[in-house]
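[1] Please find the sequence and the predicted model below.
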Amino acid sequence: MALHDDHHHPHELRHHFDDELDEIRRGLVTLGSLVVANLSRAGSAILENRLDLVGEVRHGDEPIDALYAQLERETFQILALQQPVAKDLRLLVAATRILYEMERSGDLAVNIVNCLDREHGFPRRADLDVLLGRLVAASARVFSMGVEAIASLDENAGPATDSADDEVDELTGRLFTEIHRVSEEIGLDAAIELTRVGRFLERIADHGVNIAENITYVVTGSFPDGHEPPAP
Amino acid sequence: MDTTDLIPEPPIDLRTGGNAPTAPSHDRPAIFEVDGLDVFYGDFHAVQDVTLDIARNEITAFIGPSGCGKSTVLRCFNRMNDLIPTARVEGSVRYHGLDLYGPDVDPVQVRRHVGMVFQRPNPFPKSIYDNVAFGPKIAKYDGDMDALVEASLTKAALWDEVKDKLRDSAYTLSGGQQQRLCIARAIATSPDVLLMDEPASALDPIATLRIEELMYELKEEYSIIIVTHNMQQASRVSDRTAFFNIEVTDGGQRTGRLVEFSETATLFTRPQHPQTEDYITGRFG
Amino acid sequence: MTTADGHPASRPDADIVDALRGRGLGVGALVFEGALLVALLSALSILLVLLADVVSGALPTFRTRGIGFVLSGLSLSPDTAGVLTGIAGSVTIAAIVVALAFPVGVAAALYLEEYAEEGWGTTLVDTTVRNLAGVPSIVYGLLGLAVFVPLVDRIGLGGVSHGRNVIAAGITMAVLVLPIVIITSAEAIRAVPQTIREAGFGVGATRWEVIRHHVLPSALPGILTGTVLTLARALGETAPLLVIGVATGYFAPPANVGVLERLTGPYTALPVIVFSWSRQTRPEFLETLAPAAIVVLLGVLFTLNGAAVWLRNRHDRRW
């Protein structure tokens, strides 16, 4: 699954360098999988009031931070030592951005269980739980699409993930409406924490979209229309 | 091969070199230990007080501006400086713990153990086969010469390109192929060290990458020291990098000094010495 | 001068285009080229006139005598005189020169270039060799007379001529060309790239192995060329031979004697024959026989040079 397999690249000439690039990419996929796993743990926690999972999710963020730091150091080192250009350079620059998106997503999963922890469990209402469950699933799916794009190097990943994110935005809107509707019954504190959880889930999906768009950039050399990263 | 008469397998010194500021501690045992090395050419003090250890099965790069003495130090590892009548070496260079400049060491034997590849490809004006076979032949190699030639050319990643024309002149090869032939020639005497003095400076970028990739493979079996003007090359291939610089002494004399020696990743991302930083960032002088 | 938007005004394109238009070579260059051509042509024409004069003088001899002129020995009669004795002498001298000057000269050059450390001693030797190459050949003749003739006689090779024989002549000629052999060989050795030597040392060769396997083979074409050119000089020299007692008149080589007697007896050489025939009282010797002998001498020289070129090419062609 080398980055250059399907191109006329003097492959054998720098296979040591190619190995290093592939290692970075594999590392990103591993890091993404860790985030997805922690996210699904956080989802189970808030959907079933599993307070026992709170510590596990917090603990689960530690390897994420460690791998993030390691991959960032390795990327930095390859940038410094190998003089990458073109696709190689784009991959490494994108890797630094993707690393940030993943690390933030990992933190957001912790933030989600922190909300649960502060409330010692959310009040359960069927209509709310259904929306929350669908949002957790949708958010995790969009983020996973981003992670898969790193593995597949699919140039259409950006637009495809962006479309999938529409469902997340829609579910988030409906969740907020529902929270607003039942806020007096569940109490203001719970309503605020639940709103936060919705907001975090939506942000995680956005990070997934950004990851996928960076992969489109790696493959094509440009971001999907209208999604260029903000000027510095 | 009967080339072991120089070194009666001395006990390998595991000193990790932590006692000198410029010698990083090594994970691998040192193959060379240089201590307080000074080299003179007549009255010219070419290199002053170099102390460093070269680790086994690693690629160590020497970088620095022209005249910083990096090639001079390299040529102490196989006593190539002996060929310059006015050259004088002080301090010690230990190879497997044995002082290379000791009174009973034969420089000719040293060069069979410490192979060298030069700046410009310099094959002999002979056939490809004879180029590789020359070293073993004068070392009275009595094994299967054809097999040795093939093995050497294979290790140098040249066999497939030349196997059908071993009797052709080495000059029929391209520059990059000639340089790989020179590497095969150096390997043929079964050294455990390869010294490379700017081995790619006369080659085009593709041939250069080939040589670099080859070095990466060769370090499994050999310890490699490379002198290069091209610090990107040092950063790409080496495990450790030594930065040499020119120092002007009080008397106005120019002399080479080792400024910094550390892992390549460290040297190119967090150089400790401002001179190193200036040099590798291109803000030199 | 800047334009309104602050950029320096560029030269009009037409100026640059005009400046690039070639105007051909100037008059001075043409005159110079012409002068060079005239110099070349005059040198060539003098050579051609000389050659034509000699050949036209020699033609009657070859027409009437044919190959017999080359195959007959000395004679007092112009009708039977030939150059075989001279060819034999010259070739023998050449063989002795090659046998002595080539190994000694190459060895000396190797020592100077590969072994001797640089210093005032080496410089002195080098300068001396160069000066010796410029010493007039007659001086070597005197040296031969004073040293080699008695020496050859003393070691029992003097024969009936008491050392005034082809052996002493060969030794004298060898010493005469030795400085030139040394100089040309040293230059050929110096021209071997230093990188080849480094490569040899780099794989653990000793100095002798580097010289034997790499320096000498690479320098050999140059050494051979130089040696053969010096041989041509040895063949053409007359003065030293006259000094050390070459036979200038008629002599009959003793018949039915061994090689040693021939080597130690009286001898002559091609240029000496030309010299002595041109002093003969009978006009045929000067007018037809001497030119014919010159043609034979030239033929021997060209053959030798051709052999040199062939040898060099054979060694070059390997690579």
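    That came through fine. Numbering: from 1, shown residues only, chains lettered A, B, ... in the order given.
[2] can you give me phi and psi for B:Phe243?
    In this entry, B:Phe243 is assigned phi and psi values of phi -100, psi 120 (degrees, to the nearest 10).
[3] what's around it, how many residues?
    Other residues lying near B:Phe243 total 28 when counted by other Cβ atoms under 10 Å in any protein chain shown. (Glycine included, C-beta is placed from N, CA and C.)
[4] got it, and C:Ala107?
    Using other Cβ under 10 Å, the number of residues around C:Ala107 comes to 12.
[5] what do you get for B:Gly42?
    B:Gly42 has 11 neighbouring residues, counting by other Cβ under 10 Å.
[6] How are the helices of chain A distributed by residue range?
    With DSSP state H, the ranges of helices along chain A come out as A:15-48, A:52-82, A:86-119, A:126-152, A:157-186, A:188-220.
[7] how about TSV for these, with mean neighbour count and distance to C:Val106 added?
    As requested, the helices of chain A are exported to TSV (neighbours: other Cβ atoms under 10 Å in any protein chain shown; distance: least, Cβ to Cβ, whole Å):
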stretch	mean neighbour count	distance to C:Val106
helix A:15-48	20	51
helix A:52-82	17	53
helix A:86-119	21	58
helix A:126-152	20	71
helix A:157-186	17	76
helix A:188-220	23	67
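[8] Could you say which one of the ones you listed comes nearest to chain B?
    Within these, the stretch nearest chain B is helix A:52-82; the backing value is 4.1 Å (Cβ to the nearest Cβ).
[9] near chain B, anything from the closest one?
    Yes. Figure legend: helix A:52-82 in contact with chain B (Cβ under 8 Å from any Cβ of the partner chain); contacting residues A:76-77, A:80-82.
[10] Which one of those is nearest to B:Phe44?
    Within those, proximity to B:Phe44 (Cβ to Cβ) peaks at A:Leu81, which comes in at 34.5 Å.
[11] residues in contact with the closest one?
    Under the criterion of Cβ atoms under 8 Å, 6 or more residues apart in numbering or on different chains, the neighbours of A:Leu81 are B:235-236, B:264-265, B:268.
[12] what's the answer for B:Gln179, then?
    With contact set as Cβ under 8 Å, 6+ apart, B:Gln179 has these partners: B:117, B:121, B:199-200, B:202-203, B:207, B:211.
[13] about what we covered before: nearest to C:Pro271, of the contacts of A:Leu81?
    Nearest to C:Pro271 among the contacts of A:Leu81 is B:Arg236, at 69.9 Å by Cβ to Cβ.
[14] So the closest one, which state does it fall into?
    Three-state call for B:Arg236 (DSSP: H, G, I helix; E, B strand; the rest coil): helix.
[15] Look up how far A:Glu74 lies from it.
    Spatial separation of B:Arg236 from A:Glu74 under the definition Cβ to Cβ, to the nearest Å is 15 Å.
[16] Quick check: can you list the domain ranges of chain C?
    Residue ranges for the structural domains of chain C, counted by automatic domain parsing, are given in the record as C:25-63, C:66-317.
[17] Can I get those in JSON lines including mean pLDDT and distance to chain A?
    JSON lines is the format used below for these (pLDDT from 0 to 100; distance: least, Cβ to the nearest Cβ, whole Å):
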{"stretch": "domain C:25-63", "mean pLDDT": "90", "distance to chain A": "49"}
{"stretch": "domain C:66-317", "mean pLDDT": "87", "distance to chain A": "26"}
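[18] any idea whether B:Lys165 is helix, strand or coil?
    In terms of secondary structure, B:Lys165 is coil; the call rests on three-state DSSP.
[19] Tell me if B:Gly102 really is in a strand.
    No. According to three-state DSSP, B:Gly102 belongs to no strand; its state is coil.
[20] Relative to B:Val110, how far out is it?
    11 Å.
[21] Those two: which has the busier surroundings?
    When B:Gly102 is set against B:Val110 and neighbours are counted by other Cβ under 10 Å, the residue ahead is B:Val110, at 24 against 10.
[22] Enumerate every residue touching that one.
    Contacts for B:Val110 were tallied using Cβ under 8 Å, 6+ apart; they are B:6, B:78-79, B:95, B:100, C:204.
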